[in-house]
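Chemist: below is the structure, and that's it, no one-letter string:
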Ligand code: GTX
């Protein structure tokens, strides 16, 4: 199996289910490989040059830049005393940012358990006991453990009786939020994630160059998803669902900040989307918004992963961004 196969979606990684706690996370990838110009046939379909941020950084290579990656509190795992609601998050991840902002904005008391993905803390035995899938976010409420960001957001909205506009009781308004959440998970999510990883995280953090053709394809696909976001979901409304902010807006903005963190100018040339971003930021509160996005906005400064961590992570990352 080559990196090309995986990025092109032609190979099953064999990571078909959760590994047992502590088990290696997948087949090791050769460390010395440098990706050739991959993704040529996908690139043929790309509308090159029209992407939100351009292919830029041709043939990006590993670069250790800037300060060390954001330092999280030491991983305390299951030894940390549970005070009530616990959220296992890494604000590098877009679903984690949505959960974090939602809980903070609504005054929901929680213990933050930072799981530093770039240090592989999600691959630890301790975390596998919390989530055998080795992913964040995770909510722990006593003995109740919940994964999947959308389920977590809905649980918080229901349990803490947050203002109605977040997840309206009105069946049709509620259905519009559901519609957006269902769409984004396979559309905008995938494109924003791929943009970040192809543009920054693969070359800088994992030392795997991505070809300009592959990057152009990814950015063209992102561009198409942004058109749907603006044309179908936002239209001329203040927020995605209507006059007030909802979970749909929060999930959408945290997705878009992924490519922004990679240096993509997703709002450039999209005045409606740019104005919507300002409204969402104001509704969330600028201080909270900045705080939640500090980590992703410094993603380019990620230190290269050490080789043994890279070996564990690469197959999982490639599976994730397919
Ligand atoms: N569908 C789930 C949700 O919405 O909650 C997806 C959860 C998910 O994929 N979480 C990612 C994860 O924990 C976080 S974002 C990816 C960042 C990977 C960084 C690696 C340095 N992924 C961990 C993994 O796949 O190993």
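Modeler: Thanks, I have the structure now. Keep in mind it's a predicted model, so treat the numbers as computed, not measured.
Chemist: switch to C-alpha atoms for all contacts and neighbour counts from now on
Modeler: Fine.
Chemist: closest approach to the ligand from the stretch 201-322 of the chain, which residue is it?
Modeler: Residue nearest to the ligand within the stretch 201-322 of the chain: residue 316 (5.3 Å; C-alpha to the nearest ligand atom).
Chemist: ok, now how distant is that residue from residue 203?
Modeler: Distance of residue 316 to residue 203, given as C-alpha to C-alpha, to the nearest Å: 16 Å.
Chemist: which one's more surrounded, the two?
Modeler: residue 203 (22 against 15; other C-alpha atoms under 10 Å).
Chemist: next, count neighbours for the residue nearest to that one when sequence neighbours are not counted.
Modeler: Closest residue to residue 203 apart from its sequence neighbours, by C-alpha to C-alpha, 6 or more residues apart in numbering: residue 209 at 4.6 Å. Using other C-alpha under 10 Å, residue 209 has 24 other residues around it.
Chemist: so residue 209 sits against residue 199, correct?
Modeler: No - look at residue 209 against residue 199 with C-alpha atoms under 8 Å: they stay out of range, at 9.0 Å.
Chemist: contacting residues for the spatially most central residue of the chain?
Modeler: In the chain, the centroid-proximal residue (C-alpha atoms, centre = their mean) is residue 94; its distance is 3.4 Å. Applying C-alpha atoms under 8 Å, 6 or more residues apart in numbering, we find residue 94 in contact with 254-255, 257-258.
Chemist: tell me the SS of residue 112?
Modeler: Three-state call for residue 112 (DSSP: H, G, I helix; E, B strand; the rest coil): strand.
Chemist: just give the closest residue to it, not the sequence neighbours.
Modeler: Residue 112's closest residue in space is residue 87 (C-alpha to C-alpha, 6+ apart), at 5.2 Å.
Chemist: ok, residues contacting the helix or strand containing that neighbour?
Modeler: Assigned by DSSP states H and E, residue 87 falls within strand 85-89. For strand 85-89, the surrounding residues in contact (C-alpha under 8 Å, 6+ apart) are 96, 100, 109-115, 136-142.
Chemist: ok, now with 6 Å
Modeler: With C-alpha atoms under 6 Å, 6 or more residues apart in numbering as the contact definition, strand 85-89 has outside contacts at 96, 110-115, 136-141.
Chemist: near the ligand, which of the residues you listed show up?
Modeler: The residues of the contacts of strand 85-89 that also fall near the ligand, by C-alpha under 6 Å from any ligand atom, are 136-137.
Chemist: now restrict the contacts of strand 85-89 to buried residues only.
Modeler: Applying 16 or more other C-alpha atoms under 10 Å to the contacts of strand 85-89, the neighbour count classes 96, 110, 113-115, 136-140 as buried.
Chemist: what number of residues lie near residue 194?
Modeler: If you count neighbours by other C-alpha under 10 Å, residue 194 ends up with 25.
Chemist: can you check residue 257 too?
Modeler: The burial count for residue 257: 21, using other C-alpha under 10 Å.
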